[in-house]
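[1] This is the structure alone, sequence omitted:
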């Protein structure tokens, strides 16, 4: 835009901030714009359960609407939900959090992540994170005027970030370590012993650990370690979680943050001015999920495990080597035998065979040579997708 002042032209003015210009549009959403309107596409792309939210959870929310429970809640969330979440964390991990000072109900984990970065970072502060990583991680740091420091992870090491790698990237500006395990996009899970080593580094340098554990319930043949349970780390850990993945509640947008009361107080202040409170009916649904949703979680996890084994075996058989993911609901096969970039592979696969996967570079530079395949879809769709992908690979194998 060119602004005119008393008939004289002055230099063009941009009304968009430098922060907003620094972040790219989500690589996932950008890609899915390509498939909108296409018929016959099998999607292994969108990262959400194909299950509907269990009926008893939906029914609780419907009943609350019928009763007129439609007003704002406390900024921190309903006392009932916070109390139930406190009991859940106590029973599951033997962690004690005060529901009236160390807990905040948010609009999904995405808001919790945004609030965390804005509450703890000053301009120029650095946050160390694994690469590849969930698409919102570096963007949330940049929007808080921080600096994301990306630590490459490798398939040969199961895409696990190590304490040594983290320590080698620490500078005087390092403020926090951001962990996301089980991992989106790789499905990697960090072993207890490796988390202990990371905790030791965090204590040594006095760093906050922001642990995104949204996929904590979705693990297969391994135990999930909640980072805050590690020795001396409860006060130094900001634990983020939610209901979207384990309870098939993505559209309800309900998450939480628990941790140090000073950090939670700062996050709540920002939350007050930007959101007010998470959706009331979603909080009712989340309360019901915590109270009575365990059987549904176990049933879905067992089903995901069957799909996980099926897709990993199938990908390996068609020539796309895939390490075994131990958590979440993603496979991250290598597509290097085709000689294509990840983005080229994803676009051509969609056009030629109508199978949607997400190119690995949507999750960072270390995702080059890989694509993300979500197996939270039916076995029949996974089977058909593998048939189509086999044809594609046979045509394009180098």
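    Sure, I can see it. Not measured: the values here are computed from a predicted model. Residues are numbered from 1 along each chain as shown.

[2] those helices in the stretch 51-200 of the chain, which residues are they?
    55-66, 79-93, 108-120, 136-143, 163-168, 192-205 (DSSP state H, counting those that start in this stretch).

[3] so how far is the shortest one off the chain centroid?
    Averaging C-alpha positions (CA atoms, centre = their mean, to the nearest Å) puts helix 163-168 22 Å from its chain's average.

[4] buried stuff in that helix?
    Residues of helix 163-168 classed as buried: 163, 165, 166, 167 (neighbour count, 16 or more other CB atoms under 10 Å). C-beta coordinates here come from the backbone N, C-alpha and C atoms, glycine included.

[5] just for the stretch 51-200 of the chain, where's the confidence low?
    Counting by pLDDT under 70, not a single residue of the stretch 51-200 of the chain qualifies.

[6] Output the contacting helices and strands for the strand or helix carrying residue 311.
    Assigned by DSSP states H and E, residue 311 falls within helix 294-317. In terms of contacts (3 or more CB pairs under 8 Å, 6 or more residues apart in numbering; DSSP states H and E), helix 294-317 is packed against strand 330-331, helix 379-396.

[7] Indicate which one of those is closest to residue 270.
    strand 330-331 (30.5 Å; CB to CB).

[8] helices or strands up against whichever helix or strand comes after the closest one?
    Per DSSP H and E, strand 330-331 leads on to helix 342-353 as the next helix or strand towards the C-terminus. On a contact count with 3+ CB pairs under 8 Å, 6+ apart, helix 342-353 meets helix 27-35, strand 355-356, strand 358-359, strand 371-374, helix 379-396.

[9] So what touches helix 342-353?
    For helix 342-353, the external contacting residues (CB atoms under 8 Å, 6 or more residues apart in numbering) are 31, 34-35, 38, 41, 335, 338, 340, 355-361, 367-371, 388-389, 391-392, 395-396.

[10] And the buried ones among those residues, selectable in ChimeraX?
    To isolate the buried members of those in ChimeraX, using 16+ other CB under 10 Å:
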select :31,35,41,335,338,340,355,356,357,358,359,360,361,367,368,369,370,371,388,389,392,396
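
[11] returning to that earlier point: would you mind checking the average pLDDT for the helix holding residue 311?
    Averaged over helix 294-317, pLDDT sits at 98.

[12] now do stretch 223-233
    pLDDT averaged over stretch 223-233 gives 97.

[13] In that stretch, which residues are buried?
    Across stretch 223-233, burial judged by 16+ other CB under 10 Å covers 224, 225, 226, 227, 228, 229, 230, 233.

[14] what about the closest residue in space to the last one that isn't next to it in sequence, neighbour count?
    In this case it means residue 233. Once flanking residues are discounted, residue 233 sits nearest to residue 199: 5.0 Å by CB to CB, 6 or more residues apart in numbering. The number of residues packed near residue 199 is 22, by other CB atoms under 10 Å.

[15] mind listing what residue 199 touches?
    With CB under 8 Å, 6+ apart, residue 199 has these contacts: 209, 227, 230, 231, 232, 233.

[16] Can you tell me which of those residues lies closest to residue 54?
    Out of these, the member with the shortest distance to residue 54 (by CB to CB) is residue 227, at 28.1 Å.

[17] roughly how far apart are that closest one and residue 378?
    Separation of residue 227 from residue 378 (CB to CB, to the nearest Å): 34 Å.

[18] looking at the helices and strands packed on helix 294-317, which is closest to residue 86?
    Once the helices and strands packed on helix 294-317 are compared by CB to CB, strand 330-331 is nearest, at 30.3 Å.

[19] Kindly provide the whole-number mean pLDDT of that closest one.
    98.

[20] Indicate which one of the helices and strands packed on helix 342-353 is closest to residue 128.
    That would be helix 27-35 among the helices and strands packed on helix 342-353, by CB to CB, at 21.3 Å.

[21] Am I right that residue 266 falls within a helix?
    Yes. If the criterion is DSSP: H, G, I helix; E, B strand; the rest coil, then residue 266 is within a helix.

[22] Find the nearest non-adjacent residue to it, please.
    residue 119 (3.9 Å).

[23] Count the residues that sit near that neighbour.
    Residue 119: 20 neighbours (other CB under 10 Å).

[24] which residues touch it?
    Going by CB under 8 Å, 6+ apart, residue 119 touches 263, 266, 267, 269, 270.

[25] can you check residue 364 too?
    For residue 364, the contact set (CB under 8 Å, 6+ apart) comprises 131, 132, 133, 138, 150.

[26] again, 10 Å this time
    Applying CB atoms under 10 Å, 6 or more residues apart in numbering, one finds that residue 364 lies in contact with 27, 129-135, 137-138, 148, 150, 152-153, 185.

[27] Just the buried residues out of those, in ChimeraX syntax.
    In ChimeraX, a selection of the buried entries from those looks like this (16+ other CB under 10 Å):
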select :27,129,130,131,132,133,134,135,137,138,148,150,153,185
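
[28] Looking at the helices and strands packed on helix 342-353, spot the one closest to residue 238.
    Using CB to CB, the nearest of those to residue 238 is helix 27-35, at 24.7 Å.

[29] So which of the helices and strands packed on helix 342-353 is nearest residue 74?
    helix 27-35 (32.2 Å).

[30] ok, residues contacting whatever helix or strand comes next after that closest one?
    Downstream of helix 27-35, the first helix or strand assigned by DSSP H and E is strand 42-43. Residues outside strand 42-43 that contact it (CB under 10 Å, 6+ apart) are 32, 35, 50, 350, 353-358, 374, 377-378, 380-389.

[31] Please look at residue 192 and residue 223 and confirm they touch.
    Yes. Under the criterion of CB atoms under 10 Å, residue 192 makes contact with residue 223 at 7.3 Å.

[32] Look at the closest residue to residue 382 other than its chain neighbours and say how many residues are nearby.
    Nearest non-adjacent residue to residue 382, counting by CB to CB, 6+ apart: residue 311, 5.3 Å away. By other CB under 10 Å, 26 other residues sit near residue 311.
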